[in-house]
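Asks: Below: sequence and its predicted model.
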Amino acid sequence: DAKTTQPTSMDCAEGRAANLPCNHSTISGNEYVYWYRQIHSQGPQYIIHGLKNNETNEMASLIITEDRKSSTLILPHATLRDTAVYYCIVRVRNKAAGNKLTFGGGTRVLVKP
Amino acid sequence: DVKVTQSSRYLVKRTGEKVFLECVQDMDHENMFWYRQDPGLGLRLIYFSYDVKMKEKGDIPEGYSVSREKKERFSLILESASTNQTSMYLCASSFYVGLAGADRSYNEQFFGPGTRLTVL
């Protein structure tokens, strides 16, 4: 699976959009970008995933650059409950990959009142 | 909502004890996983199972074994606990979808709350 690079931490004001970048310059054509988050003392939670088109769901939006070497997770209106570590993961999406998730360091996001 | 539950949130054991960590999911998922999470090392896969009585080693299986006698339950066993097995243990489950599957639930793993195990 391709390696990802994320900032170690970032702060965000409550009610404002939070833009979380992720670099994955070695991504290959069959690899998807996944985002998970982990709130303190809880297990990781799936947020969103995409291949090359931008994606949106009830939690967030995912913007993937045209060359697919980077992406941005957008939390449109951050709340205090969004304080968590956010993980960007790049992996193939087939059963041969074994469904393993490899989490790197992630970005520690602190939403402030 | 998918629910993955783990038998304990906190557990303290002594070196050499046999330890059982239980995980139960209620969504009829085929796949189940055991990870451990340590500061600076991220999440590491210990074992996973894609069917009853089936198991596959992950990245760090040494010192652990697993059991999947029923689809909804996946147990992690530390045969003889050691201090370097002090960690947060996370169980997860997911659907098993073939290559033709296209919905967003594929590869979406649902995690339990974790068990923080301390081995003294």
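Replies: Thanks, I have it.
Asks: B:Lys57: what's its closest spatial neighbour, skipping adjacent residues?
Replies: Take B:Lys57 and drop its neighbours on the chain: the residue closest to it by Cβ to Cβ, 6 or more residues apart in numbering or on different chains is B:Tyr47, 6.1 Å away. For every residue, glycine as well, the C-beta is placed using N, CA and C.
Asks: tell me the secondary structure for the nearest residue to A:Arg16 once chain neighbours are set aside?
Replies: In space, and not counting its chain neighbours, A:Arg16 is closest to A:Ala78: 6.1 Å by Cβ to Cβ, 6+ apart. Secondary structure, DSSP: H, G, I helix; E, B strand; the rest coil: A:Ala78 is coil.
Asks: so what's the residue nearest to B:Lys57 bridging to?
Replies: Residues in a beta bridge with B:Tyr47, per DSSP bridges, are B:Trp34, B:Lys57.
Asks: how much space between it and A:Ala13?
Replies: Noted for B:Tyr47: a distance of 42 Å to A:Ala13, by Cβ to Cβ, to the nearest Å.
Asks: and the closest residue to chain A within chain B, how many neighbours?
Replies: Using Cβ to the nearest Cβ, B:Phe111 is the residue of chain B that sits closest to chain A, at 2.9 Å. For B:Phe111, the count of nearby residues is 25 (other Cβ atoms under 10 Å in any protein chain shown).
Asks: for A:Leu110, same thing?
Replies: For A:Leu110, using other Cβ under 10 Å, the count is 13.
Asks: How about it: what's its closest non-neighbour residue?
Replies: Leaving out its chain neighbours, A:Leu110 is closest to A:Asp11 (Cβ to Cβ, 6+ apart), at 5.0 Å.
Asks: who's in contact with the residue positioned nearest the centre of chain B?
Replies: Nearest to the geometric centre of chain B sits B:Trp34, at 2.1 Å (Cα atoms, centre = their mean). By Cβ atoms under 8 Å, 6 or more residues apart in numbering or on different chains, the residues touching B:Trp34 are B:21, B:23, B:45-48, B:58, B:64, B:66, B:74, B:76, B:89-91.
Asks: From those residues, list the buried ones, please.
Replies: Buried members of the contacts of B:Trp34, scored by 16 or more other Cβ atoms under 10 Å in any protein chain shown, are B:21, B:23, B:45-48, B:58, B:64, B:66, B:74, B:76, B:89-91.
Asks: for the chain, what are the low-confidence residue spans?
Replies: No chain was given, so I picked chain A. Scanning chain A for pLDDT under 70 picks out A:1-2, A:93-100.
Asks: nope, chain B
Replies: Using pLDDT under 70, chain B drops low at B:1-2, B:96-107.
Asks: quick one: the strands in it?
Replies: For chain B, the strands defined by DSSP state E cover B:4-6, B:10-13, B:19-25, B:31-38, B:42-49, B:56-57, B:64-70, B:73-78, B:87-94, B:110-111, B:115-119.
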